[in-house]
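In: 3D model of this:
(2 chains, ligands or ions: 2)
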Amino acid sequence: MMRRTLPTAAIGAVLWAGCLALPIFLDSAWISIAAIFAIYAIVALSQDVVLGRAGLYDMGHAVYFGIGAYATAVLNVGFGWPILATLPVAIVGAALVGAVFAAPIIRLRGDYLLVATIGLNAIFVLAMRNDLGGLTGGSDGIPGLGVPSLFGLQIESQSALFWFDWVLLGVVLLVMRNLDRCELGRALRYLKQDQLAASTLGVDARRTKILAFALGAGLAGLAGTLFAVQISTVSPSSFVFTESVTLFAIVIVGGQGSIPGVLLGTALMFVVPQIFREFAQYRYFIFGIAMIAVMVLRPQGLWPRARLAR
Amino acid sequence: MSALLELAGIGISFGGLRAVDDLSFTVGEGQIVALIGPNGAGKTTVFNMITGVYRPNGGKILWYNHDITGFAPHRIARLGIMRTFQTIRLFSDMSVFENVRAGCHLRTRQHWWQGLAGLPSQRREEAEIADRTSDILKRLDLETVADERAIALPYGVQRRVELARTLIANPKLVILDEPAAGLNDRESAKLNETIFGIRDSGITVLLVEHDMNVVMNVTDHIVVINFGRKIAEGNAATIRNNQQVIEAYLGRDDDETEEAA
Ligand SMILES: Nc1ncnc2c1ncn2[C@@H]1O[C@H](COP(=O)(O)OP(=O)(O)O)[C@@H](O)[C@H]1O
Ligand SMILES: [Mg+2]
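Out: Residues are numbered from 1 along each chain as shown, chains lettered A, B, ... in the order given. Ligands and ions are numbered 1, 2, ... in the order given. Now for the predicted structure:
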């Protein structure tokens, strides 16, 4: 009911606004960690559109993240486009690739779809490593990206970049919340739970799933631009298969279709490891154990989607 | 009476089994038509072919004289044909309210981008959908369980939820697969009224039912099939006295014969 969803959204909005003040309190290393969190939160939310909402086993989602990053890097470094002008290209380009790739394979059963998406990831990384069209710079990637400028102001400092990322995270969070409350979002849930029943109610499974794929890919593309700007070098290693696996795991561990769950999952996967930097080699050991424990003890995720909402 | 739906010699095979064979009948606009027959006769399969779940490998299905054979389920729904399932198919993670609202899918006008942007026109439509859902819940006596998880409710209530989900779409034809299965006597008596109510609101009804109390009392026209073939057709009185029908039920299941006789 409204009564139940409203406070969560309101608390979320207040938390988000509070986080905007973080640069005042944090040193520059932590500001950049917080900025990276926002970027990966967007990618994880976009993975959730495809995996958590539509129930499509996409284990190659880093591809769309990569397409966004490369679109920005190539256009900015190679062609001198301003960063902000590359943003729509990154979003639309990733969305188009997502839609075109999804169209023929969307009918596949979950496990087959999974393998197909892994294949796409492998092809993408290979293409980038081999300097596709002489544009992507091979294994070393593309260094030396510029910074975005807004109304003549250069978004250059660590804090400015942080705000840039967090404002866009805010927009994405709003879109995700709206997705929960519109017919597209509901249609995805119908399809995920019972495709036959959904179809007999008039849901066009193919069209709706392709749309979900495109939407998820487009949001990942947006995050790709932010990522490229944040680290100012784009290289294939950021978009390899293990990155896709991590994104997949964030959604499953955090809670499918749950905005707070996915944010929590992102924090656990990307921020907590920074805290335990010293124990580098044990980090993944502990993570592996934690992931197994969550799946055994709490298969619906750490912060599951609120059920029975109106 | 004009033909709303016409099956012209449809058939389908599963492996070597001819589940439905050369079946023809017509559903007139405003009628209540029953499809009956022993278990395994092919009734559900017929419904699955009409609603696009299975594609017939022979014959034609006509809707207002247009060929709709082999249309995908969502296209069939778009024509105004809605169904329920013999094995109830409610969305398991959703409340009664959410399940019933799902039937509104085709009545929404919002585009995906309007939804994602949360535009005022979309918010208005959301409010309308919620109102419409509340109305239909009231009509089918479901308002008290609106926020319950649908699949945790008694069978009879679940059947009503599934029915509400089809009716909210304002269909031209509803197809009900054993709507009385699992209902107690009181509920099944009430079902008769509900079915009349549906017809009176201008919706044509095609149903499969074993409960002869329901079949004999509510239908205008009965089609009897056995082993996938039509063995009789007519009004309740004709069917009740048809020798082949009596035998079909006798040869199979004694219970149902008693009810049929
Ligand atoms: N998908 C399927 N695959 C194989 N056989 C099927 C399938 N669906 C139905 N059948 C067979 O078709 C026959 C008719 O089944 P059905 O239509 O469910 O009967 P009814 O609804 O009249 O009880 C049965 O023999 C059943 O086993
Ligand atoms: Mg049946």
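In: what sits against the residue in the stretch 201-310 of chain A that ligand 1 sits nearest to?
Out: Closest contact between the stretch 201-310 of chain A and ligand 1, by CB to the nearest ligand atom, is at residue A:205 (18.6 Å). To be clear about C-beta, it is placed using only N, CA and C from the backbone, and glycine gets the same treatment. Going by CB atoms under 8 Å, 6 or more residues apart in numbering or on different chains, residue A:205 touches A:191, A:195, A:198-199, B:74.
In: For the helix or strand hosting residue B:231, which strands pair with it and how are they oriented?
Out: Secondary structure assigned from DSSP states H and E places residue B:231 in strand B:229-234. Here strand B:229-234 is paired, per DSSP bridges, with strand B:221-226 (antiparallel).
In: Excluding chain neighbours, what is closest to residue A:217?
Out: residue A:98 (2.7 Å; CB to CB, 6 or more residues apart in numbering or on different chains).
In: which SS state does the one you found fall under?
Out: The three-state label given to residue A:98 by DSSP: H, G, I helix; E, B strand; the rest coil is helix.
In: which residues touch residue 85?
Out: Since no chain was named, I'll use chain A. Applying CB under 8 Å, 6+ apart, we find residue A:85 in contact with residue A:75.
In: meant chain B, my bad for not saying
Out: So residue B:85 contacts A:197, B:162, B:177 (CB under 8 Å, 6+ apart).
In: again with residue A:153
Out: Neighbours of residue A:153 in contact, by CB under 8 Å, 6+ apart: residue A:160.
In: circling back to that earlier point, report the buried members of the contacts of residue A:205.
Out: Buried members of the contacts of residue A:205, scored by 16 or more other CB atoms under 10 Å in any protein chain shown, are A:191, A:198-199, B:74.
In: Let's see which of those end up in helices.
Out: A:191, A:198-199, B:74 (DSSP state H).
In: Would you format these as CSV with pLDDT and distance to residue A:145 included?
Out: CSV is the format used below for these (pLDDT from 0 to 100; distance: CB to CB, whole Å):
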residue, pLDDT, distance to residue A:145
A:191, 96, 39
A:198, 98, 43
A:199, 97, 45
B:74, 98, 45
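In: Looking at those residues, spot the one nearest ligand 1.
Out: Closest to ligand 1, out of all of these and judged by CB to the nearest ligand atom, is residue A:199, at 15.8 Å.
In: State the distance from the closest one to residue B:76.
Out: Separation of residue A:199 from residue B:76 (CB to CB, to the nearest Å) stands at 9 Å.
In: Now the common contact residues for those two.
Out: residue B:52.
In: The residue nearest to residue A:217 contacts residue A:211, doesn't it?
Out: No: using CB atoms under 8 Å, residue A:98 makes no contact with residue A:211, being 9.8 Å away.
In: between these two, who's got more neighbours?
Out: Between residue A:98 and residue A:211, counted using other CB atoms under 10 Å in any protein chain shown, the more crowded position is residue A:98 (30 against 21).
In: Smallest gap between the stretch 151-300 of chain A and chain B, at which residue?
Out: In the stretch 151-300 of chain A, no residue comes nearer to chain B than residue A:182, which is 2.6 Å away by CB to the nearest CB.
In: ok so, going back, what's in contact with the strand holding residue B:231?
Out: Against strand B:229-234 from outside (CB under 8 Å, 6+ apart): B:21-25, B:37, B:221-225, B:238-239, B:242, B:244-245, B:248.
In: residues near the residue of the stretch 151-300 of chain A closest to chain B, how many?
Out: Neighbours around residue A:182, by other CB under 10 Å: 25.
In: Look up how far ligand 2 lies from it.
Out: 36 Å (CB to the ion, to the nearest Å).
In: Confirm for me that that residue is in contact with residue B:122.
Out: Yes: with contacts counted by CB under 8 Å, residue A:182 reaches residue B:122, the gap being 6.4 Å.
In: between these two, what contacts are shared?
Out: B:110, B:114-115.
In: low-confidence ranges in the chain?
Out: Here I'm looking at chain A. The model of chain A has pLDDT under 70 over residues A:1-6, A:277, A:279-280, A:283, A:308-310.
In: Correction: the question concerned chain B.
Out: Those would be B:1, B:250-261, if you go by pLDDT under 70 across chain B.
In: all helices for it, in order.
Out: For chain B, helices defined by DSSP H occupy the ranges B:43-50, B:73-79, B:96-102, B:112-117, B:120-139, B:155-167, B:185-200, B:212-218, B:236-240, B:243-250, B:254-260.
In: Would you mind giving these as CSV with distance to ligand 1 added?
Out: Below are those laid out as CSV (distance: least, CB to the nearest ligand atom, whole Å):
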stretch, distance to ligand 1
helix B:43-50, 3
helix B:73-79, 15
helix B:96-102, 24
helix B:112-117, 33
helix B:120-139, 28
helix B:155-167, 16
helix B:185-200, 19
helix B:212-218, 14
helix B:236-240, 16
helix B:243-250, 12
helix B:254-260, 12
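In: Distance to chain A for these - can I get that in JSON lines?
Out: Formatted as JSON lines, those follow (distance: least, CB to the nearest CB, whole Å):
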{"stretch": "helix B:43-50", "distance to chain A": "10"}
{"stretch": "helix B:73-79", "distance to chain A": "4"}
{"stretch": "helix B:96-102", "distance to chain A": "6"}
{"stretch": "helix B:112-117", "distance to chain A": "3"}
{"stretch": "helix B:120-139", "distance to chain A": "6"}
{"stretch": "helix B:155-167", "distance to chain A": "7"}
{"stretch": "helix B:185-200", "distance to chain A": "17"}
{"stretch": "helix B:212-218", "distance to chain A": "22"}
{"stretch": "helix B:236-240", "distance to chain A": "29"}
{"stretch": "helix B:243-250", "distance to chain A": "29"}
{"stretch": "helix B:254-260", "distance to chain A": "28"}
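In: ranking these by burial, who's on top?
Out: helix B:96-102 (a mean of 26; mean count of other CB atoms under 10 Å in any protein chain shown).
In: contacts for it?
Out: Helix B:96-102 is contacted from outside by A:186, A:190, A:198, A:201, A:308-310, B:90-91, B:94, B:129-130, B:133-134, B:136-137, B:142, B:145-148, B:150, B:153, B:161-162, B:164-165, B:168, using CB under 8 Å, 6+ apart.
In: and if we set it to 7 Å?
Out: Residues from elsewhere that reach helix B:96-102 (CB atoms under 7 Å, 6 or more residues apart in numbering or on different chains): A:186, A:190, A:201, A:310, B:90-91, B:129, B:133, B:136-137, B:142, B:145-148, B:150, B:161, B:164-165, B:168.
In: when you check ligand 2, which of those turn up near it?
Out: Near ligand 2, judged by CB under 5 Å from the ion, there are no entries from the contacts of helix B:96-102.
In: For residue 40, what are phi and psi?
Out: With no chain named, the answer covers chain A. phi -70, psi -30 (degrees, to the nearest 10).
In: um, chain B though
Out: Residue B:40 adopts backbone torsions of phi 80, psi 10, taken as degrees, to the nearest 10.
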